[in-house]
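Enquirer: Structure, please.
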Amino acid sequence: MASGPPVAVHADHANPTTAPFVRPGQPLPGDNALALRAKQFCTGHRKGLPVLVASELIAALVVDLPAASARQRDALLAYAVEDRVAQPIEVVAVAQGMLSGAAPGQVLALVVARPTLAALVAAAPPGCAAMPEMLLIRRPAPPATGMAWAVWRDGMRAVVRASDGTGFAVSVDMLHAVWLRSGKPVLTSLGAALPTNLPAVDLSGAPPDPDPADLNFRFPVPRSPADRVAELRPLIRVAGIVLAGWTAVLGLALADTIALGRIAVTQRDQAQVALSGILPGFSLTDDVEQVLSRLAPTAAQPRQSAFLPLLAGVSAAMAEAGPGFSLRKLGWAEADNQLILTLQAAALADLQIIERHLADTGFSVSSGAAIAGDGGAEVDVIITGPGE
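Expert: Reported below is the predicted structural model:
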């Protein structure tokens, strides 16, 4: 992992360095130069017009990751930036940005506070996802040595996109000091004119178009409790269908019992009439009635199934485990009272979390060989209820 000091990821309004420009949770003004650029290049885009996250609220970091599948990289990426952001890793969203031409294993990590991201998406029109504003600036070509910056000045803000793919925002008054401290990278001016003490090539008349790969990036949409419930809807539907089926079975059994009882009374009356013709004065005694009742057909007593209690317990435990999985197949072995589930998740670690949670809840869990690939991970799990 690349080394470096922790980077602040702002999640509140108390930081004086962001207050003059962009407050967390507030979108960029509609007349902001990069907001207008987003309308120009993202209107009609397959991913739609984004809500822009100001660069003051983003930490952009280049990190090195070991060889892994695309799914496994998500977990590795969060681990790689954990000691480089000044926030607990649980309260930030970490996503991989596009970094064409990078060295093997080198990726661009984009980090933003989850409350900030949720507030921006909530304030945006339905269907809008969040995108860092710096991605609307094409990466400058790196010089033979050192770094290059493409700077978009808008009023007193300067948004910088570096040749390594990272970016940040700084006040125009501080830009010269930051430029000196960064080793005087090669400058390109794309927006309003930069201060005269900064030697820059002026491309503001025809700034390069954004990289189409960068325009495809969006932060994952924050998940709400309703989204998590929606993931369990297939399992809830299956449980509803099974419950409706058993209700129908019990109803038929009750109807059979009532009908058979009426038949028994009718047959007793008929037997009494027949005996009275042969043996006048003879009546059926209690003992004879017991014999007749044993000879009469009896209704099959409905057997209580353990399926629904087991399914309800597993459903509750899986809901507590979180949203990182989906249910592809459900089966039940009646003889052993076992649920057979096929679970899918983004990574093997997610499946292991679910299995551990089920075991901690008291269920007996056994799993087959897990299958993992670029499309995710899948495993067959056999679940037996507590005490079975």
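Enquirer: what's the first-to-last distance across stretch 81-95?
Expert: 11 Å (Cα to Cα, to the nearest Å).
Enquirer: Could I get the average pLDDT for it?
Expert: Mean per-residue pLDDT for stretch 81-95: 87.
Enquirer: so how far is that stretch from its chain's centroid?
Expert: How far stretch 81-95 lies from its chain's middle: 17 Å, per Cα atoms, centre = their mean, to the nearest Å.
Enquirer: Then stretch 152-167?
Expert: 31 Å.
Enquirer: how about that stretch: buried residues?
Expert: 152-154, 157-167 (16 or more other Cβ atoms under 10 Å). C-beta coordinates here come from the backbone N, C-alpha and C atoms, glycine included.
Enquirer: Now, those that are in strands?
Expert: 152, 153, 154, 157, 158, 159, 160, 161, 162, 167 (DSSP state E).
Enquirer: Can you name the two of these that sit furthest apart?
Expert: Greatest spacing in those, by Cβ to Cβ: 154 and 162 (17.9 Å).
Enquirer: all helices for the protein, in order.
Expert: Counting by DSSP state H, the chain has helices at residues 33-42, 70-81, 114-123, 172-181, 212-215, 225-278, 286-295, 307-321, 348-361.
Enquirer: Give the buried residues for the shortest one.
Expert: By neighbour count on 16+ other Cβ under 10 Å, the buried set for helix 212-215 is 214, 215.
Enquirer: Now residue 82. Nearest residue, chain neighbours left out?
Expert: residue 89 (4.6 Å; Cβ to Cβ, 6 or more residues apart in numbering).
Enquirer: pretty sure the one you found contacts residue 77?
Expert: No - in this structure, residue 89 is not within contact of residue 77 by Cβ atoms under 8 Å, at 10.6 Å.
Enquirer: Turn the helices of the chain into TSV, columns for distance to residue 382.
Expert: Putting these into TSV (distance: least, Cβ to Cβ, whole Å) gives the following:
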stretch	distance to residue 382
helix 33-42	48
helix 70-81	24
helix 114-123	36
helix 172-181	59
helix 212-215	44
helix 225-278	17
helix 286-295	43
helix 307-321	11
helix 348-361	11
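Enquirer: For residue 101, which of the ones you listed is the nearest?
Expert: helix 212-215 (11.0 Å).
Enquirer: Just the mean pLDDT for the closest one, thanks.
Expert: On average, helix 212-215 scores 92.
Enquirer: try stretch 57-76
Expert: Here the average pLDDT along stretch 57-76 is 84.
Enquirer: got it, and stretch 131-138?
Expert: Mean predicted confidence for stretch 131-138 is 95.
Enquirer: distance between the ends of that stretch?
Expert: Note: stretch 131-138 ends 14 Å apart using Cα to Cα.
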